[in-house]
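S.K.: no sequence for this one, just the structure:
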C-alpha cells in the first residue's frame, strides 16, 4: 500500500525540513546545500523515519534514487 509518492515526500522534505532549517540557521543552510553527502544522508534519514512511521513502504525506501546525488 503506497501512502505517499516520492514527489510528495520530496516536497514535504523541502517545505518542512529545509525551509525550517533555512529560517533558523541561514548561514549553515548555505553550507548544507553545498554539502552533497550530508544532504544525501539527511534525505535517507527522512525516508527511513517515514518508513518506520508506516508512511512509506520498504520497497519505496530501498528503490527510490536519492534526489541529492
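M.R.: That came in fine, so what should we check first? Bear in mind that the values here come from a model prediction, so they are computed numbers and not experimental data.

S.K.: which strands and helices sit next to the top helix by length along the chain?
M.R.: Assignment by DSSP state H gives helix 36-52 as the longest helix of the chain. Secondary-structure packing of helix 36-52 (3 or more Cβ pairs under 8 Å, 6 or more residues apart in numbering; DSSP states H and E): helix 6-12, helix 26-34, helix 58-63. In short, each C-beta sits where N, CA and C put it, glycine included.

S.K.: how about residues contacting the last one?
M.R.: With contacts defined as Cβ atoms under 8 Å, 6 or more residues apart in numbering, helix 58-63 is touched by 2, 6, 47-48, 50-51.

S.K.: tell me which two in these are the farthest apart.
M.R.: Greatest spatial distance in the contacts of helix 58-63: 2 and 48, 16.7 Å, computed using Cβ to Cβ.

S.K.: what does residue 67 show for phi and psi?
M.R.: Backbone geometry at residue 67, expressed as degrees, to the nearest 10, gives phi -70, psi -10.
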